[in-house]
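How does the following fold in three dimensions:
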Amino acid sequence: MPPLPTDTALVLLILFGSSFVRSLVGFGDALLAMPLLLLVVGLDVAVPLVGLVAVVVAVILLSLNWREVEFRSLGPLLATALLGAPIGVLLVKSLEGEWLIHALGVLLILFGGYRLIGPRLPEVRHPALTLPLGLLSGIFGGAYNVSGPFALLYAGLRGWSPRVFRASLQGFFIVTSAAIAVSQGVAGFWTPQVWNLFLLSLPLVVTANLGGHLLASRVPSTWLERLISTGIALIGVALVA
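Below you'll find the predicted structure:
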């Protein structure tokens, strides 16, 4: 078998690493993969590729934790996120790539800083909380496949236990990831290059998720999350600069 081109090998390495991180801590795959893939293959390939991989990752992780999902609490958040996803896809088609990259960089800095500081959030159960966080999650998901930060904020404000928190996020991600991927396909983002990279990545993505799941209970999550959050913030600084 001939060696893979350098760009293809880097793409597969990024997808393997980001999927492994997601299976360890329950989030972070798109936050890591999107900015790195932008540097390798550009926005037009990175957005739909991460969108397709996110569906596979969500299916695997949900199949391992589905009993813990708070489906009733997720309903309103999912509904508003699904409304926002097409808006995000439209923004990618309409705005200049440089603006989108800078906006993603700012989001990564804010999210990485928030995770590092770790402020104690009050418990909020008012339904008005759902609309802005759900819409923002859908919009950023459609634009960058980065719906996680706002879903994490929502889960924190709901006061979910760590176990329910982790599983419920996977329930949220599987629905939003599928809707976002379909929206991107309808918008014409799926190209032969995207499908080729996606199919090449599948064995690595599956392996990364199963390996990460086996290690999740053995690795101290606190220092791992701080390390990942620091990396996310630094990547954001690089994109803005």
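
And the residue nearest in space to the middle of the chain, which helix or strand is it part of?
Note on the chain: the residue nearest the mean C-alpha position is residue 30, at 3.6 Å, using C-alpha atoms, centre = their mean. Assessed by DSSP states H and E, residue 30 sits inside helix 29-40.

which helices and strands sit right next to that helix?
The helices and strands touching helix 29-40, judged by 3 or more C-beta pairs under 8 Å, 6 or more residues apart in numbering; DSSP states H and E, are helix 6-25, helix 43-65, helix 97-117, helix 148-158, helix 221-240. C-betas here are computed from N, CA, C, even on glycine.

With mean pLDDT and distance to residue 82 added, can I get these in JSON lines?
JSON lines is the format used below for the helices and strands packed on helix 29-40 (pLDDT from 0 to 100; distance: least, C-beta to C-beta, whole Å):
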{"stretch": "helix 6-25", "mean pLDDT": "86", "distance to residue 82": "21"}
{"stretch": "helix 43-65", "mean pLDDT": "84", "distance to residue 82": "14"}
{"stretch": "helix 97-117", "mean pLDDT": "75", "distance to residue 82": "20"}
{"stretch": "helix 148-158", "mean pLDDT": "74", "distance to residue 82": "13"}
{"stretch": "helix 221-240", "mean pLDDT": "72", "distance to residue 82": "25"}
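
With mean neighbour count added, can I get the ones you listed in a markdown table?
Output for the helices and strands packed on helix 29-40, formatted as a markdown table (neighbours: other C-beta atoms under 10 Å):
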| stretch | mean neighbour count |
| --- | --- |
| helix 6-25 | 20 |
| helix 43-65 | 22 |
| helix 97-117 | 17 |
| helix 148-158 | 22 |
| helix 221-240 | 16 |
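
Those helices: which one's closest to residue 83?
Residue 83 lies closest, by C-beta to C-beta, to one member of those: helix 148-158, at 13.4 Å.

Next secondary structure after that closest one?
Counting by DSSP H and E, what follows helix 148-158 is helix 162-186.

Tell me the helices and strands packed up against that following helix.
helix 43-65, helix 71-94, helix 130-144, helix 148-158.

what mean pLDDT does the second one have?
Averaging the model's pLDDT scores along helix 71-94 yields 80.
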